[in-house]
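Asks: Everything below, folded, please.
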Amino acid sequence: MARVKRGVTSHAKHKKTLKAAKGFHGRRKNTIRAAKAAVDRSMQYAYRDRKNKKRTFRALWIQRLNAAVREHGLTYSRFIDGLGKAGIEVDRKVLSEMAIHEPAAFAAYVERAKASAPVLAAAA
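Replies: You can find the predicted model right below:
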């Protein structure tokens, strides 16, 4: 019976791992044992940080909105509450971009939010 040579698959796996380790420092880029550990860990970090990226950007949009809305005499929470009561469904990313690039259109949203909550309009 002929013996089975198993090198092809192993070499392909090693090549794939070393390609993923490109740009790493020291032995982590060219020794399969160190590279495999480093690549596995990097994939975990990448997965985790794809989730964290969403969290971070949402926080940034909220900070931008709060700053933009305060110029019009409202707070972020009252602005979002007013938009909800007015039935306006625009996400925070779009509102943030609008506050930066189209202040007039954003001001219209702020006015709608103020008008939809008459208690807020009286307090402000």
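Asks: How many residues are close by residue 112?
Replies: By other CB atoms under 10 Å, 15 other residues sit near residue 112. All C-beta atoms are positioned from the backbone trio N, CA, C, and that covers glycine.
Asks: What of residue 71?
Replies: Residues within reach of residue 71, counting by other CB under 10 Å, total 12.
Asks: Who are the packing partners of the helix ranked longest in the chain?
Replies: If you go by DSSP state H, the chain has its longest helix at helix 32-70. For helix 32-70, the packing partners by 3 or more CB pairs under 8 Å, 6 or more residues apart in numbering; DSSP states H and E come out as helix 7-20, helix 76-86, helix 92-101, helix 103-116.
Asks: low-scoring pLDDT stretches of the chain, where are they?
Replies: Applying pLDDT under 70 to the chain flags the ranges 118-124.
Asks: CSV please, covering the helices and strands packed on helix 32-70 and showing distance to residue 1.
Replies: Compiled in CSV, the helices and strands packed on helix 32-70 are given as follows (distance: least, CB to CB, whole Å):
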stretch, distance to residue 1
helix 7-20, 19
helix 76-86, 73
helix 92-101, 64
helix 103-116, 77
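Asks: Can you say which of the ones you listed is nearest to residue 45?
Replies: In terms of CB to CB, the element of these nearest to residue 45 is helix 7-20, at 12.8 Å.
Asks: which secondary structure elements does that closest one contact?
Replies: Using 3+ CB pairs under 8 Å, 6+ apart: helix 7-20 touches helix 32-70.
Asks: relative orientation of the helix it packs on and helix 7-20 in degrees?
Replies: Compare the direction of helix 32-70 with that of helix 7-20 by axes from the mean of the first three to the mean of the last three CA atoms, to 10 degrees and you get 40 degrees.
Asks: got the angle between helix 32-70 and helix 103-116?
Replies: Relative orientation of helix 32-70 and helix 103-116, computed by the same axes, to 10 degrees: 70 degrees.
Asks: need the contact list for residue 39.
Replies: By CB atoms under 8 Å, 6 or more residues apart in numbering, the contact list for residue 39 reads 17, 20-21.
Asks: and it, how far is that from residue 51?
Replies: 20 Å (CB to CB, to the nearest Å).
Asks: Appreciated, that's everything.
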